[in-house]
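# A predicted structure for the sequence below; I have some questions about it.
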Amino acid sequence: MNRLTELGSSAVRTVLERVGRGIGRYQERRPLEHDLLESDEEYLIVFDAPGVTKEDVQVQFSDDTVEVRLERFRPFHEGFEMRFPGRGLTLTGSATLPDDADITPAGATATLTDAGTLKVRIRKDPRAASVDVEDEADETTEE
């Protein structure tokens, strides 16, 4: 009976790993959701970037599109074994700016909050130098 239990446990572990990896691959293929906001001076694109640090973020510009790539790493937890690897490690997304947008990457900044929100700001009248991802303390609102 012990051998049968081991065999069943091994089968369950294999199924969980395959399902988890499948979910992770699906998550990696699904584009990151974003919000595109506009003020008189700039555009603000907000991406959810859970589990990344600023070193894990790449922001690129292609014509009227802002593209982001996030490389996440799973931390190792001593004494634990991976049973269900369900989180995607590479996440990508893009936001297309309106046709009448007159922007250049030189007028852009990117910040990453402690809560894992990536904010890309693009000035309509670009005068900034480059796109560097900076850490930003989470914003809290008092009522």
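Perfect, thanks for sending it.
# Distance-wise, check Thr53 relative to Ala95.
Taking C-beta to C-beta, to the nearest Å as the criterion, Thr53 is separated from Ala95 by 21 Å. C-betas here are computed from N, CA, C, even on glycine.
# for Thr113, same thing?
Between Thr113 and Ala95 the computed distance is 18 Å (C-beta to C-beta).
# Which one's more surrounded, these two?
Neighbours of Thr113 and Ala95, each counted by other C-beta atoms under 10 Å, are more numerous for Ala95; the result is 20 against 15.
# List the contacts of that one.
Under the criterion of C-beta atoms under 8 Å, 6 or more residues apart in numbering, the contact list for Ala95 reads 34, 36, 45, 47, 65-66, 120.
# In strands, which of those fall?
The strands, defined by DSSP state E, take in 34, 36, 45, 47, 65-66, 120 from the contacts of Ala95.
# Out of those, give me the two with the largest separation.
Between any two of the ones in strands among the contacts of Ala95, the greatest separation by C-beta to C-beta is 13.3 Å, found for Phe47 and Thr65.
# Is Pro50 in contact with Asp114, as I believe?
No. Contact status for Pro50 versus Asp114: not in contact, 11.6 Å apart, counting by C-beta atoms under 8 Å.
# Now for Gly93, how many residues are close by?
By the measure other C-beta under 10 Å, the count of residues near Gly93 is 19.
# Kindly apply the preceding question to Lys119 instead.
Around Lys119 there are 19 other residues, counting by other C-beta under 10 Å.
# separation between it and Met82?
Between Lys119 and Met82 the distance, using C-beta to C-beta, works out to 32 Å.
# can you check Arg69 too?
In this structure, Arg69 lies at 24 Å from Met82, with C-beta to C-beta as the measure.
# which residues of this protein fall in helices?
Counting by DSSP state H, the chain forms helices over residues 2-29, given from the N-terminal end onward.
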